[in-house]
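Peer 1: Okay, sequence plus prediction incoming.
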Amino acid sequence: MSEARCITCGDVAVAATVVVVEGDTAVVDVDGERERVGVELVVPVSVGERLLCHAGIALQRLEGGE
Amino acid sequence: MRFVDEYRSGELAAKLVHELERLVEPGRSVKIMEVCGGHTHTIYKHGIEQLVPEEVDYVHGPGCPVCVIPMGRVDDAIAIAEQPGVIFTTFGDMMRVPGGRGSLLEAKARGADVRMVYSPLDALELARGNPDRKVVFFAIGFETTAPATALTLLRARATEVRNFSVFCNHVTIGPPLRAILDTPGLRLEAFIAPGHVSTVIGTRPYDFIVREYGKPVVVTAFEPIDILHATVMLLRQLRDGRAEVENQYTRVVTRDGNPRALAALDETLELRDTFEWRGLGWIEQSALKLRERFAQWDAEARFELPSARVDDPKACQCGEVLVGAIKPWECKVFGTACTPERPLGTCMVSSEGACAAYYNYGRFTRELARV
């Protein structure tokens, strides 16, 4: 979804799956890539949950399949 | 993204286009502003303008944060980056934005330590790893991006990282919309409101558009089906004589947004009295600055800045593009003196900028009108 897109724009928020939770940070999987994101705004999170992430933080929890 | 095909289904698109054909009044143009640069990108990339009835006229709004940064702020950024001992961090797209004294990329070529980051948290990490350097983050973006800055400031305070600061240029979405709505002679009839900004602020902040201006609003996501669906919802409102804030992006957007994100913003940032927007001029209470309690992390307090106002290049018509007065290709320098490789104006820099989006996709999708 984020190909060649500008990070500052809201639409590069991407869906990611939580792989590991380490306090206020989670390792998430975005289309096979691992990233670390701050999760203070959506805690508590658990492994397997889907999060909407942008600029290194999770903005919202995703319900259902997206 | 998983299940993205669902939002790019040709069959569903055809149904929505058919519905649009039923809803338009032949020969009567309906101007709809898509506020967010991400929507502009989708519209051009997927040839949506060529897919919908010709009566539907998308007007590209001011929702590209890179595009609205005035040249003087870029010069301020360069002035900070060129201070001894500074590591200046920025999102990639800001590197090429021209100020009065060139771009950050050119400053880097002259020897300034300018580095690209994906998150302000990366900049904070850089500060931790380089305690003898002053690390500055160039914060830009709407309410989608501002929470990352807020969270970073909270972490900087909690962990007492003193060699980190933020050059804050965050902007808010409501005031420029009001400025556009107050433009004399404006013929916009409806708004597609940004999806991910709304995950943070909710749909409530758009209420004034329906209440005070009587214009329908639909909050939507970024896939082609989302845009088409939002357009159908807007045309239905217009047909029924309704003006409401509707939410097409219920899968992540709520009426109240994310209260934790709003609290983090409120703790760290406050409204500026006024801020200059490229193309729109000075707009009251339209941008954010660090609160006094975060002054030691505020680059504007820690560095001497030229803070000069710089006029846009005369030939550049970004201002008219940003308020929807002209289409990108109607600009005098579009594709000639101004290209994504050598941008004259900011709308040609970011891939969400209307000019760059049209340059990259629009020219080709006119003939390939399909989702």
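Peer 2: All right, it came through fine. Residues are numbered from 1 along each chain as shown, chains lettered A, B, ... in the order given.

Peer 1: Can you check the pLDDT for B:Gly345?
Peer 2: Listed pLDDT for B:Gly345 reads 81.

Peer 1: meant to ask about A:Cys6
Peer 2: pLDDT for A:Cys6: 61.

Peer 1: Ok, B:Pro65 next?
Peer 2: If you check B:Pro65, the pLDDT there is 84.

Peer 1: so it sits in a strand?
Peer 2: No: secondary structure of B:Pro65 (DSSP: H, G, I helix; E, B strand; the rest coil): coil, not part of a strand.

Peer 1: Assess the claim that it and B:Val171 are in contact.
Peer 2: Yes: judged on CB atoms under 8 Å, B:Pro65 makes contact with B:Val171 at a distance of 6.5 Å. The way it works is simple: take the backbone N, C-alpha and C, and place the C-beta from them, glycine included.

Peer 1: what's the overlap in contacts for these two?
Peer 2: With contacts defined as CB atoms under 8 Å, 6 or more residues apart in numbering or on different chains, the residues shared by B:Pro65 and B:Val171 are B:140-142.

Peer 1: okay if I get these as JSON lines plus pLDDT, distance to chain A and neighbour count?
Peer 2: Below are those laid out as JSON lines (pLDDT from 0 to 100; distance: CB to the nearest CB, whole Å; neighbours: other CB atoms under 10 Å in any protein chain shown):
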{"residue": "B:Ile140", "pLDDT": "95", "distance to chain A": "6", "neighbour count": "26"}
{"residue": "B:Gly141", "pLDDT": "93", "distance to chain A": "4", "neighbour count": "24"}
{"residue": "B:Phe142", "pLDDT": "93", "distance to chain A": "6", "neighbour count": "28"}
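
Peer 1: Tell me which of B:Pro65 and B:Val171 has more neighbours.
Peer 2: More crowded of B:Pro65 and B:Val171, by other CB atoms under 10 Å in any protein chain shown: B:Pro65, with 28 against 24.

Peer 1: ok, then the element right after the helix or strand encompassing B:Asp57?
Peer 2: If you go by DSSP states H and E, B:Asp57 is part of strand B:56-63. Once the chain leaves strand B:56-63, the next helix or strand it forms, by DSSP H and E, is helix B:71-81.

Peer 1: May I have whichever helix or strand comes after that next one as PDB, with CA atoms only?
Peer 2: Downstream of helix B:71-81, the next assigned helix or strand under DSSP H and E is strand B:86-90. This file holds the C-alpha atoms of strand B:86-90, laid out as PDB (Å, rounded to 0.1, in the frame of the first residue of the first chain):
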ATOM      1  CA  VAL B  86      23.800  19.300  14.900                       C
ATOM      2  CA  ILE B  87      22.400  16.100  13.400                       C
ATOM      3  CA  PHE B  88      19.300  17.200  11.600                       C
ATOM      4  CA  THR B  89      16.700  14.500  11.100                       C
ATOM      5  CA  THR B  90      13.800  14.600   8.700                       C
END
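
Peer 1: residue closest to the middle of the chain?
Peer 2: Answering for chain A, as no chain was given. Using CA atoms, centre = their mean, the residue of chain A that lies closest to the mean C-alpha position is A:Cys53, 3.5 Å off.

Peer 1: Can you look at chain B instead?
Peer 2: Closest to where the C-alpha atoms of chain B average out (CA atoms, centre = their mean) is B:Cys64, at 2.5 Å.

Peer 1: How about that residue, nearest residue that isn't a chain neighbour?
Peer 2: Spatial nearest neighbour of B:Cys64, excluding adjacent residues (CB to CB, 6 or more residues apart in numbering or on different chains): B:Gly37 at 3.2 Å.

Peer 1: Please tell me how far the strand holding B:Asp57 is from the chain's geometric centre.
Peer 2: In terms of CA atoms, centre = their mean, to the nearest Å, the centre of strand B:56-63 is found 12 Å from the chain centre.

Peer 1: repeat for stretch B:177-185
Peer 2: Offset of stretch B:177-185 from its chain centre (CA atoms, centre = their mean): 18 Å.

Peer 1: So the longest strand seen in chain A, near chain B or not?
Peer 2: Looking across chain A with DSSP state E, the single longest strand is strand A:14-22. Yes: using CB under 8 Å from any CB of the partner chain, strand A:14-22 comes into contact with chain B via A:14-15.

Peer 1: so for that strand, what's the average pLDDT?
Peer 2: Mean pLDDT, computed over strand A:14-22, is 94.

Peer 1: shaky segments in chain A?
Peer 2: Low-confidence segments of chain A, defined by pLDDT under 70: A:1-12, A:64-66.

Peer 1: which residues of it fall in strands?
Peer 2: Under DSSP E, chain A gives strands at A:14-22, A:25-30, A:33-38, A:50-54, A:57-61.

Peer 1: Likewise for chain B?
Peer 2: B:30-36, B:56-63, B:86-90, B:114-116, B:134-141, B:164-170, B:190-193, B:217-219, B:245-247, B:269-271, B:274-277, B:281-284, B:288-290.

Peer 1: Out of the ones you listed, point me to the one whose mean pLDDT is lowest.
Peer 2: Of all the strands of chain B, strand B:56-63 carries the lowest average pLDDT, namely a mean of 87.

Peer 1: Pairing partners for that one, with directions?
Peer 2: Taking DSSP bridges as the criterion, strand B:56-63 forms sheet pairs with strand B:30-36 (parallel).

Peer 1: Output the partner strand as CSV, restricted to C-alpha atoms.
Peer 2: Listed next in CSV are the C-alpha coordinates belonging to strand B:30-36 (Å, rounded to 0.1, in the frame of the first residue of the first chain):
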residue,chain,number,x,y,z
VAL,B,30,-20.4,18.7,-8.9
LYS,B,31,-17.1,19.9,-7.3
ILE,B,32,-15.9,17.6,-4.5
MET,B,33,-12.7,18.4,-2.6
GLU,B,34,-10.7,15.5,-1.4
VAL,B,35,-8.8,17.1,1.4
CYS,B,36,-6.0,14.6,1.9
